[in-house]
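I'd like to go over a predicted model; first the sequence, then the structure.
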Protein chains: 2
Amino acid sequence: MIRGWESIRAEVLRRIRVRDWLPGASIPTEEVLAAEFGVARATVNRALRELAQAGVLERKRRAGTRVALLPVRRATLEIPVIRQEVEARGQLHAFRLLCCEKRPVPVPVASRLGVAALTPMLWLETLHLADGRPFAYETRWLNPLILPDPAPDFTAISANEWLVAHVSYTLGDIAFSAAGACPREAEVMGVAQGEALFITERCTWSADAPITFVRLAHGPGYRVQTLV
Amino acid sequence: MIRGWESIRAEVLRRIRVRDWLPGASIPTEEVLAAEFGVARATVNRALRELAQAGVLERKRRAGTRVALLPVRRATLEIPVIRQEVEARGQLHAFRLLCCEKRPVPVPVASRLGVAALTPMLWLETLHLADGRPFAYETRWLNPLILPDPAPDFTAISANEWLVAHVSYTLGDIAFSAAGACPREAEVMGVAQGEALFITERCTWSADAPITFVRLAHGPGYRVQTLV
DNA sequence: CTGGTTATTATGTCTGCACATATTCACCCT
DNA sequence: AGGGTGAATATGTGCAGACATAATAACCAG
């Protein structure tokens, strides 16, 4: 029974799955489908639009809608605040601020943030603990200009959470990679040198200025997983 | 100037960014915003819906719309077919099928695919090359029941691409992690034992049956990046 | 044949209206 | 007070119709 755009989306997906409509082939126009399902064109449009967004369909004006030839799988990840992440595992979160000082940013970080090399920024080194054991080693470059005059006490609240609560919502980019533990990381995380760490790097800007660049090194066993 | 739902989305985002609307606070109703912008409510709805989908807003019937308190950052990744990924880097893709035989699945894989342990499945070992150099080492468990009678020649077309083209569109889950190269991986990828590799694991099912479990080990320097 | 112009067509979006649905709030009865 | 009940309300979804836009097809002139 057709009721609502979601059931239309399901039916279209079903036809693709059972290969009624083959990859690369055009499917009927919105108007035809609307007539077939007995709904308005806008409803079909909504269903097809969602499927296109998911990468199942490809749509072009005038050319029509076709089943994606190589359905690029689009996975969405949720990146929670570290404390939430630890607590979601039923563990106790704590952190230690190892270092907090002004330093000139090195070239690679400067270029990613879009600032001049050697600009002085705040450098924070933090170790996150789960049930008292090392969970993640965070190194962060923070634009000092965005801080209020009595700067927040980052030994009491993690920079991560302070930023989320006090700096306007922003977009940035995220990258994942793997790297062997450098001597410092090995020492702090309590692992062997060269041990494989999972690295997350995030860069965030506000509308006008760079805010922060974070690098998180997660110990062995850590994994990032998609929802469904 | 307000023209189209995208400019409304931009304006709402701007107000959040400049802290006109603070995290956790309610924003005006669709009707009010529609009047303010001089558009129909459906147009405002479209803009707000997209922002809610992106995790910037939280909406509830009757309760209204509020700015997300902890903007759970939702990153969307595109997982292309390996060949596309290599070619997008301007390199030449090739692959070598190292092994292809029936084997009983080990317990961890069986549990993730939801089949009985020791079920015989097809085991494929493939090395992907970029410009002739090792790019990724793929190990895959494949449900033989989904293959046509004259099984495809996986030395000619990679299992990856054959599946995309010939098996109905499916959903699965994806996980990223880091691991040190085991002896076999070190040999095949041409890296030192224990060197940090970036691991991608994917599990896919069709509507009724498990299809495949893939593990990809990427060499040093590989990174997964979000769009924008 | 070639190159450029025009018509056609499917999707993209908007409007104005209506009703559905999930919450919440206020009220009333005990 | 307390707890259940129903009205109020903001969002979710639907419809029909209209125009905008982009990509293609058809056409025509040179």
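Arrived safely. Numbering: from 1, shown residues only, chains lettered A, B, ... in the order given.

Would you mind naming what in chain A lies close to DNA strand D?
A:3-6, A:38-43, A:46, A:60-63 (Cβ under 7 Å from any atom of the strand). Quick note: C-beta positions are derived from backbone N, CA and C, even for glycine.

Narrow these to those in helices?
Of those, the ones assigned to helices by DSSP state H are A:5-6, A:41-43, A:46.

any idea how far A:R140 is from A:V214?
Distance, A:R140 to A:V214, using Cβ to Cβ, to the nearest Å: 5 Å.

before we move on, what about A:E85?
As judged by Cβ to Cβ, A:E85 and A:V214 stand 14 Å apart.

Could you list which residues are in contact with the residue nearest to A:G219 when sequence neighbours are not counted?
Setting aside the residues directly before and after it, A:G219 is nearest to A:M189 in space (Cβ to Cβ, 6 or more residues apart in numbering or on different chains), at 5.5 Å. Listed by Cβ atoms under 8 Å, 6 or more residues apart in numbering or on different chains, the contact set of A:M189 reads A:127, A:134, A:137, A:181, A:197, A:217, A:219.

can you do 10 Å?
A:127, A:133-137, A:181, A:195, A:197, A:217-220 (Cβ atoms under 10 Å, 6 or more residues apart in numbering or on different chains).

Tell me how many other residues surround whichever residue of chain A sits closest to DNA strand D.
Residue nearest to DNA strand D within chain A: A:G4 (2.8 Å; Cβ to the nearest atom of the strand). Neighbourhood size, A:G4 [other Cβ atoms under 10 Å in any protein chain shown]: 12.

can you check A:R3 too?
A:R3: 9 neighbours (other Cβ under 10 Å).

got a list of what it touches?
Contacts of A:R3 (Cβ under 10 Å, 6+ apart): A:37, A:39.

just the angle between the lowest-mean-pLDDT helix or strand in chain A and strand B:73-79, please?
Ranking every helix and strand in chain A by mean pLDDT, DSSP states H and E puts strand A:73-79 at the bottom, with a mean of 79. Using axes from the mean of the first three to the mean of the last three Cα atoms, to 10 degrees, the direction of strand A:73-79 lies 150 degrees away from that of strand B:73-79.

which one in chain A is furthest away from the centre?
A:A35 (40.1 Å; Cα atoms, centre = their mean).

hang on, that residue in a strand?
No - looking at A:A35 with DSSP: H, G, I helix; E, B strand; the rest coil, it is helix, so not inside a strand.

Look at it and report its pLDDT.
Looking at A:A35, its pLDDT is 95.

What segments of chain A are helices?
In chain A, the helices defined using DSSP H lie at A:5-17, A:30-37, A:41-53, A:82-88, A:107-113, A:159-166, A:183-189.

Buried ones in the first one, by neighbour count?
Right, helix A:5-17. A:5, A:8-9, A:12-13, A:16-17 (16 or more other Cβ atoms under 10 Å in any protein chain shown).

So which of these is the closest to DNA strand C?
The nearest member of those to DNA strand C, counting by Cβ to the nearest atom of the strand, is A:V12 at 11.4 Å.

can you pull the pLDDT of the closest one?
On pLDDT, A:V12 comes in at 95.

is it true that it touches A:I27?
Yes - the pair A:V12 / A:I27 is scored as a contact, 7.3 Å apart, by Cβ atoms under 10 Å.

which residues do these two both contact?
Common neighbours of A:V12 and A:I27 (criterion: Cβ under 10 Å, 6+ apart): A:20-21, A:33, A:48, A:51, A:57, A:65, A:67.

which of those residues are close to chain B?
Of the residues in the shared contacts of A:V12 and A:I27, proximity to chain B by Cβ under 10 Å from any Cβ of the partner chain holds for A:51, A:67.

Quickly note the distance from the residue lying closest to A:A88 once chain neighbours are set aside to B:T65.
Once flanking residues are discounted, A:A88 sits nearest to A:P80: 7.3 Å by Cβ to Cβ, 6+ apart. According to Cβ to Cβ, A:P80 and B:T65 sit 22 Å apart.

try A:K60
Counting by Cβ to Cβ, the gap from A:K60 to B:T65 is 33 Å.

out of these two, which sits in the busier spot?
Counted by other Cβ under 10 Å, A:K60 and B:T65 do not tie: B:T65 has more neighbours, with 21 against 9.

residues touching that one, list them.
Contacts for B:T65 (Cβ under 10 Å, 6+ apart) come out as B:12, B:21, B:26-30, B:33, B:44, B:48-49, B:51-52, B:57-59.

need the residues of chain A near DNA strand C, please.
A:29-31, A:41-42, A:45, A:48-49, A:52, A:59-65.

Recalculate using a threshold of 6 Å.
Within reach of DNA strand C by Cβ under 6 Å from any atom of the strand, chain A has these residues: A:29-31, A:42, A:45, A:49, A:59, A:61-62, A:64-65.

and those residues, which are buried?
A:30, A:45, A:49, A:59, A:65.

Would you mind measuring from the residue lying closest to the last one once chain neighbours are set aside to A:V44?
Spelled out, it's A:T65. Residue nearest to A:T65 in three dimensions, not counting chain neighbours: A:R59, with 4.7 Å by Cβ to Cβ, 6+ apart. Counting by Cβ to Cβ, the gap from A:R59 to A:V44 is 12 Å.

Give me the common contacts of these two.
Common contacts of A:R59 and A:V44 (Cβ under 10 Å, 6+ apart): A:30, A:65.

OK, contacts around A:Q225?
A:Q225 neighbours (Cβ under 10 Å, 6+ apart): A:75, A:77-78, B:173-177, B:201.

Understood, closing this out.
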